[in-house]
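give the three-dimensional model of this entry:
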Amino acid sequence: MAPMKLYGWVVSPWMARVRVSLEEAGSEYEVVPMSRSGGDHRRPEHLARNPFGQIPVLEDGDLTLYHPFFPCTQNHEQSRGTSSANTSPSSCTKATSLDPAAVDVWVEVEAHQLEPVILPIVINCIIAQYVGHERDQAVVDENLAKLKKVLEVYEARLSGSRYLAGDDVTAADLCHFGFMRYFMATEYAGVVDAYPHVKAWWEALVARPTVKKVMASMPPDFGFGSGNIP
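Below is the predicted model of the structure:
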C-alpha cells in the first residue's frame, strides 16, 4: 500500500497533531512540504485538495481529508488496516476504542477552550516580534488569566487518571501537542508548574519518541529566527 501524503508546513501546530497521530499509529506517510510565505496554499492544485486553502491535507489514494480532520485520523487508520500491526498496547488507536466519548469530549475541549486562549499568547510572545508587530501585553494577560481557569479543569480531570481519557495515551492527548509545544516555548511556560497533574501529563507526552520526532522539526520560533520560515 502506497504511503499517505500529508501536505503542509511542518512548523504548523495543526500539522503537528496529525503527524503525531500518524507516528503513533505506525503509519507510512510522507510530508509534502509547502511554503506559506510563497502562497502554496492558494495555488489551484492545493485548492483542488482543500477549497478553503488550509493545511494540513492528507491524501490516501482517492481519499482526501483536510483541516480540521484530526478526529477522523484515528478512524481512518483503523479502517485502512495499517495501525493494528504497528501500534503498541498503549497507543492512541487501541486506547481510543476503550472510551470514545471521553476522547471526543477532550478533542473538543482542546479546540474550543484551550487553543483559543493559547494562540493569542503564542502570537504575541513569539510571532509578533518577527513580523513587525508590537506585543499587546493586555491581550497576553487577559488570555493567561483565561488559561489558568482552563488548566484548573485539566488539573481536576488529570487528578483521576494519567491521561485525559484514561491511563493510556489517546487522540485526546495528542491533539494538545501542537499548540502546547509553542506555549511551553514562551516565558509563561512556568504557569503549568502550578498544576502538578497537568505538568506530569505534559512531561509524559513530550517524552514519547513519536512526539520527540515531530517536535524536532518545530523550532520554538517557528523558524523566524533562522530565516527558515515555511
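
quick one: residue 214 from residue 172, how far?
The gap separating residue 214 from residue 172 is 17 Å, by CB to CB, to the nearest Å. Glycine gets a C-beta too; all of them are placed from N, C-alpha and C.

now swap in residue 3 and tell me
Residue 3 is 26 Å from residue 172, by CB to CB.

next, count neighbours for residue 132.
Neighbours of residue 132 under the rule other CB atoms under 10 Å: 6.

contact partners for it?
By CB atoms under 8 Å, 6 or more residues apart in numbering, no residues touch residue 132.

what about it, which SS state?
coil (DSSP: H, G, I helix; E, B strand; the rest coil).

compare residue 3 and residue 172 (neighbour count), which wins?
residue 172 (27 against 12).

for this structure, name the helix or strand with the lowest mean pLDDT.
helix 92-96 (a mean of 39; mean pLDDT, DSSP states H and E).

counting by contacts, list what the following helix or strand past it packs against.
Elements were assigned by DSSP states H and E; along the chain past helix 92-96, the next helix or strand is helix 100-109. When contacts are defined as 3 or more CB pairs under 8 Å, 6 or more residues apart in numbering; DSSP states H and E, helix 100-109 packs onto helix 70-80, helix 171-174.

hey, least reliable of those helices by pLDDT?
The weakest mean pLDDT among those belongs to helix 70-80, with a mean of 48.

run through the helices of this protein in chain order.
13-24, 44-47, 70-80, 92-96, 100-109, 115-122, 137-158, 171-174, 177-183, 196-206, 209-215 (DSSP state H).

which positions in the longest one come out as buried?
Across helix 137-158, burial judged by 16 or more other CB atoms under 10 Å covers 140, 143-144, 146-147, 150-151, 154-155, 157-158.

can I get these in TSV including distance to residue 35 and pLDDT?
Output for the buried residues of helix 137-158, formatted as TSV (distance: CB to CB, whole Å; pLDDT from 0 to 100):
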residue	distance to residue 35	pLDDT
140	29	98
143	29	98
144	32	98
146	33	98
147	31	98
150	33	98
151	35	98
154	35	98
155	40	98
157	39	97
158	38	97
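
so what's residue 119 closest to, chain neighbours aside?
residue 179 (6.7 Å; CB to CB, 6 or more residues apart in numbering).

ok, that neighbour - how many residues close by?
23.

report pLDDT for the closest residue to residue 187 other than its chain neighbours.
Excluding the flanking residues, the one nearest residue 187 by CB to CB, 6+ apart is residue 125, at 6.7 Å. With respect to pLDDT, residue 125 scores 97.

what's the neighbour count on residue 125?
18.

and it, how far from residue 173?
Residue 125 is 24 Å from residue 173, by CB to CB.

circling back: next, format the buried residues of helix 137-158 as TSV and append distance to residue 51.
Listed next are the buried residues of helix 137-158 as TSV, based on distance: CB to CB, whole Å:
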residue	distance to residue 51
140	34
143	31
144	36
146	33
147	33
150	32
151	36
154	35
155	40
157	37
158	38
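
quick check, nearest of those to residue 26?
residue 158 (26.4 Å; CB to CB).

any idea how far residue 176 is from the closest one?
In terms of CB to CB, residue 158 sits 12 Å off from residue 176.

repeat that for residue 55.
Distance from residue 55 to residue 176, by CB to CB: 19 Å.

compare these two (neighbour count), which wins?
Per other CB under 10 Å, whichever of residue 55 and residue 176 has more neighbours is residue 176, with 26 against 23.

output the below-cut-off pLDDT ranges for this protein.
67-98 (pLDDT under 70).

again, only this time at 80
Low-confidence segments of the chain (pLDDT under 80): 1, 67-99, 226-230.

right, I'll leave it there.
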